[in-house]
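[1] requesting a structural model of the entry that follows:
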Amino acid sequence: VRGSGSVAVRHGAQSYRSKECMQGMKQSGTAQGAKSERISCVSDNIRDAGFLFLKLQSGGRIMKKSISRILAAAMCMTLGLAVTGCGSSAGNTTTTAGNDSANAGSEASGNKEIKKLTVAFVPSRDPQDIITATEPLKGLLQTELANEGYDVKDVDISVGTSFEAVGEALSAGTTDVGFIPGGTYVLYDDGCEAIVTATRDGLSVDSDDPKEWNDNEPIEGTDKQVTFYRALIVAGPSEKGKELAEKVNAGEELTWEDLDSANWSVMGSSSSAGYIYPSLWMLENYGKNITDLSHAVQSDSYASAFARLASGQIDVLCTYADARRDYESKWNDEYAMSNSIWEDTDLIGVTPAIYNDTISVSKTSPIMDDDFKTALTNAFINIGNTEEGKEVISIYTHQGYQKAKDSDYDSERDAQEMIKKLNGAS
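    Numbering: from 1, shown residues only. You can find the predicted model right below:
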């Protein structure tokens, strides 16, 4: 207010006092202390506003509108101070769990807040089928993690372009959680950690002999839960595929020349069922591996591999044990085959048992710490114990989860080390 030195000085003192009041409330160690500070600040501010009013009035040149505005501003400041103080008395604090994507302190529940959780699946099924089937997983995870003390605002689910792409994303920290097979896990275990291992339904046949599988088709699931599966070498309806299957079903041994004369589909080199264990099967039986095949192409998903098998583009594919059950309807509906998949395909090889898939977490994700890993572990186990959860994870033929042990995958490490040596020699 122009021309009033005492008013300006007094106004400055009032502003300083507001700052002192704020500091007093922040430093107050108890709810009662904070309340006393707020009352004192309110009293001081009202008194200062009144003092300012009297000084201005004595100047004789102040309009009523100006007085009203000054008093309103003083009261707004005072009420704002009181409200701020009341908010701080609730005792909720905000902490950081990682970077901007992980802010803790949900006022409503007292849970830590995770802004975004990213989950990636490997393309072992048609990517769009996976996205559709796992949509309910978002809500299930949010519910279970809330029970574990974390409010997750957004769950983003994607399907990698390859098995290796998901492993790379976990290592880089651009994906927080990955549904990956054991082979992919051990290849990228420097950058990710397995928290749970999947359990799945056993199958009506579990034998190293492909003829035994062929004699007992169609293969059915059982109620017995297992922590392993096998890789199968499947011959299709092409002329070469039928030729190889007929030899196996007649009890004849296939030669390397038989195998090498066929067109093969394999998966990425970190795929347990689509590459690693079929290579070991070849090594054990023929002293060769996949890199020695004259005609082998890499498919980006099992869906595309089965489409190629149906069309006759390939004669043989490598896949997981219950894949034909998963693609039974597509064989006719999408691939336009007149016979059933059991009539059109037979096995020509069966690998040793493979330890089940993992759900792994990134070691470099900014939101991942030991507490959150524990919460995720419990959440996935609980989801696998519900009917709704089982329906979601059945897209991967998972039936439930148990806590993973890194040592369970040592045999996988041995297998990969052998493959690396063989590939290096080749």
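[2] quick check: pLDDT value at the nearest residue to residue 344 once chain neighbours are set aside.
    Using C-beta to C-beta, 6 or more residues apart in numbering and skipping residues adjacent in sequence, the residue nearest residue 344 is residue 237, 4.2 Å away. To be clear about C-beta, it is placed using only N, CA and C from the backbone, and glycine gets the same treatment. Here, the pLDDT recorded for residue 237 equals 98.
[3] since we're on the closest residue to residue 286 other than its chain neighbours, how many residues are nearby?
    Excluding the flanking residues, the one nearest residue 286 by C-beta to C-beta, 6+ apart is residue 256, at 4.5 Å. For residue 256, the neighbour count with other C-beta atoms under 10 Å is 14.
[4] how many residues are close by the nearest residue to residue 268 once chain neighbours are set aside?
    The spatially closest residue to residue 268, leaving aside those adjacent along the chain, is residue 163, at 4.6 Å (C-beta to C-beta, 6+ apart). Residue 163 has 28 neighbours, counted by other C-beta under 10 Å.
[5] where does residue 163 land on pLDDT?
    94.
[6] how about residue 101?
    Residue 101 is given a pLDDT of 43.
[7] need phi/psi at the nearest residue to residue 228 once chain neighbours are set aside.
    Excluding the flanking residues, the one nearest residue 228 by C-beta to C-beta, 6+ apart is residue 353, at 4.1 Å. With angles defined as degrees, to the nearest 10, residue 353 sits at phi -70, psi 140.
[8] packing partners for the helix or strand harbouring residue 234?
    In the assignment (DSSP states H and E), residue 234 maps to strand 228-235. Judged by 3 or more C-beta pairs under 8 Å, 6 or more residues apart in numbering; DSSP states H and E, strand 228-235 is in contact with helix 210-215, helix 239-249, helix 277-286, strand 316-320, helix 323-326, strand 346-355.
[9] show me how far the next helix or strand after the first one is from its chain's centre.
    On the C-terminal side of helix 210-215, the nearest following helix or strand under DSSP H and E is strand 221-226. Its chain's average C-alpha position is 26 Å from that of strand 221-226, according to C-alpha atoms, centre = their mean, to the nearest Å.
[10] and if you look at stretch 325-332?
    27 Å.
[11] I'd like the mean pLDDT over that stretch, please.
    96.
[12] go on, stretch 115-125?
    Per-residue scores along stretch 115-125 average to 95.
[13] buried stuff in it?
    Neighbour counts using 16 or more other C-beta atoms under 10 Å place 117, 118, 119, 120, 121, 122, 123, 124, 125 of stretch 115-125 among the buried residues.
[14] between these, which sits nearest residue 347?
    The nearest member of those to residue 347, counting by C-beta to C-beta, is residue 124 at 18.8 Å.
[15] roughly how far does residue 178 sit from residue 408?
    17 Å (C-beta to C-beta, to the nearest Å).
[16] show me which of these two is the more surrounded one.
    residue 178 (27 against 16).
[17] can you count the residues close to residue 317?
    Residue 317: 27 neighbours (other C-beta under 10 Å).
[18] residue 263 is in contact with that one, correct?
    No - in terms of C-beta atoms under 8 Å, residue 317 does not count as a neighbour of residue 263; the distance is 9.8 Å.
[19] can I get the buried residues of stretch 115-125 in CSV including secondary structure and distance to residue 421?
    Listed next are the buried residues of stretch 115-125 as CSV, based on DSSP: H, G, I helix; E, B strand; the rest coil; distance: C-beta to C-beta, whole Å:
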residue, secondary structure, distance to residue 421
117, strand, 38
118, strand, 35
119, strand, 34
120, strand, 30
121, strand, 30
122, coil, 25
123, coil, 28
124, coil, 26
125, coil, 32
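[20] next, format the residues you listed as a markdown table and append distance to residue 223.
    Output for those, formatted as a markdown table (distance: C-beta to C-beta, whole Å):
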| residue | distance to residue 223 |
| --- | --- |
| 117 | 33 |
| 118 | 34 |
| 119 | 29 |
| 120 | 31 |
| 121 | 26 |
| 122 | 27 |
| 123 | 29 |
| 124 | 23 |
| 125 | 23 |
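[21] from those residues, which is closest to residue 388?
    Nearest member of those to residue 388, counting by C-beta to C-beta, is residue 119, at 16.8 Å.
[22] distance between the strand ranked longest in the chain and the chain's centre?
    What stands out as the longest strand in the chain, according to DSSP state E, is strand 192-203. Distance of strand 192-203 from the chain centroid (C-alpha atoms, centre = their mean) equals 14 Å.
[23] same for it, what does it pack against?
    helix 163-172, strand 221-226, strand 358-362, helix 370-384, strand 400-403.
[24] strand partners of the shortest one, parallel vs antiparallel please.
    In other words, strand 400-403. strand 192-203 (antiparallel) (DSSP bridges).
[25] mind listing the strands for the stretch 51-200 of the chain?
    For the stretch 51-200 of the chain, the strands defined by DSSP state E, counting those that start in this stretch occupy 112-114, 117-121, 150-152, 155-159, 177-180, 192-203.
[26] contacting residues for residue 169?
    By C-beta atoms under 8 Å, 6 or more residues apart in numbering, the contact set of residue 169 is 120, 160, 175, 178, 362.
[27] pick out whichever of the residues you listed sits closest to residue 244.
    residue 160 (31.7 Å).
[28] surely that closest one meets residue 121?
    Yes - shown here, residue 160 and residue 121 form a contact pair, counting by C-beta under 8 Å, at 7.0 Å.
[29] what touches both of the two?
    With C-beta under 8 Å, 6+ apart as the test, residue 160 and residue 121 both reach residue 166.
[30] ok, the residue lying closest to residue 318 once chain neighbours are set aside - contacts?
    Distances taken as C-beta to C-beta, 6+ apart place residue 278 nearest to residue 318, at 4.2 Å, with adjacent residues excluded. Residue 278 sits next to 231, 233, 266, 290, 318, 349, 351 when contact means C-beta under 8 Å, 6+ apart.
[31] and for residue 222?
    201, 202, 203, 204.
[32] could you report the pLDDT at the second one?
    pLDDT recorded at residue 202 is 93.
[33] begin at 708, not 1, for the rest of this chat.
    Renumbered: residue one is now 708, and that last one reads residue 909.
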